[in-house]
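K.L.:
dropping a prediction and its sequence here:
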Amino acid sequence: MAERRSLTDGLKATPTVDPAVAREFIHSGKPAVVRPAQDPAAQAVSRAPLSTRIRADFAAALKRASLERQLKGVEPHTLQDILEEAIEPWLRENGYLS
């Protein structure tokens, strides 16, 4: 039976590995993932939390619209995006957005 050694001794005895060889082994020929660049306008928009209460029938209709649009693959389908799209024209018409 082999003589037991401490974990630190075992780690010290590990041979160094060429990083290029290790990378090739790990990825084993998989293509590199290319992430598409985001639209600069989309990056500039930040969001702030907002809490409010609305009529129950509005909330139910909004939730139903969101779910139906999501199932059909229609944009916008999130509650946030639907509300933003609905509120933006009002803010522009009343001079709160330029």
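P.N.:
Right, received. Where do you want to start? Since this is a predicted model, take the numbers as computed values, not measurements. Residues are numbered from 1 along each chain as shown.
K.L.:
alpha carbons only for contacts and neighbour counts from here, please
P.N.:
Fine.
K.L.:
how far off centre is the helix or strand harbouring residue 8?
P.N.:
Following DSSP states H and E, one finds residue 8 within helix 7-12. Taking Cα atoms, centre = their mean, to the nearest Å, one finds helix 7-12 lying 40 Å from the centre of the chain it belongs to.
K.L.:
report the buried residues of it.
P.N.:
Judged by neighbour count using 16 or more other Cα atoms under 10 Å, helix 7-12 contains no buried positions.
K.L.:
over to stretch 58-66?
P.N.:
Per 16+ other Cα under 10 Å, stretch 58-66 contains these buried residues: 62, 65, 66.
K.L.:
name the residues that touch that stretch?
P.N.:
Stretch 58-66 is contacted from outside by 77, 78, 79, 82, using Cα atoms under 8 Å, 6 or more residues apart in numbering.
K.L.:
returning to that earlier point: and of the buried residues of stretch 58-66, the nearest to residue 87?
P.N.:
residue 62 (13.5 Å; Cα to Cα).
K.L.:
helix or strand for that closest one, which one?
P.N.:
helix 56-72.
K.L.:
what angle do the following helix or strand past that helix and helix 56-72 make?
P.N.:
Sequence-wise, the next helix or strand downstream of helix 56-72 (DSSP H and E) is helix 79-93. Calculated by axes from the mean of the first three to the mean of the last three Cα atoms, to 10 degrees, helix 79-93 forms an angle of 120 degrees with helix 56-72.
K.L.:
how about helix 79-93: buried residues?
P.N.:
Result for helix 79-93 [16+ other Cα under 10 Å]: buried residues residue 79.
K.L.:
chain center to that helix: distance?
P.N.:
So, by Cα atoms, centre = their mean, the centroid of helix 79-93 is 22 Å from its chain's centroid.
K.L.:
dump the C-alpha coordinates for that helix into PDB.
P.N.:
Extracted in PDB, the C-alpha atoms of helix 79-93 (Å, rounded to 0.1, in the frame of the first residue of the first chain):
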ATOM      1  CA  LEU A  79     -46.000  43.800 -17.400                       C
ATOM      2  CA  GLN A  80     -43.100  46.200 -17.200                       C
ATOM      3  CA  ASP A  81     -42.800  46.600 -20.900                       C
ATOM      4  CA  ILE A  82     -46.600  46.900 -21.500                       C
ATOM      5  CA  LEU A  83     -46.800  49.600 -18.800                       C
ATOM      6  CA  GLU A  84     -43.800  51.500 -20.100                       C
ATOM      7  CA  GLU A  85     -45.300  51.500 -23.600                       C
ATOM      8  CA  ALA A  86     -48.600  52.700 -22.300                       C
ATOM      9  CA  ILE A  87     -47.300  55.500 -20.100                       C
ATOM     10  CA  GLU A  88     -44.700  56.900 -22.400                       C
ATOM     11  CA  PRO A  89     -47.100  58.600 -24.900                       C
ATOM     12  CA  TRP A  90     -49.000  60.300 -22.000                       C
ATOM     13  CA  LEU A  91     -45.700  61.600 -20.500                       C
ATOM     14  CA  ARG A  92     -44.700  63.000 -23.900                       C
ATOM     15  CA  GLU A  93     -48.000  64.600 -24.600                       C
END
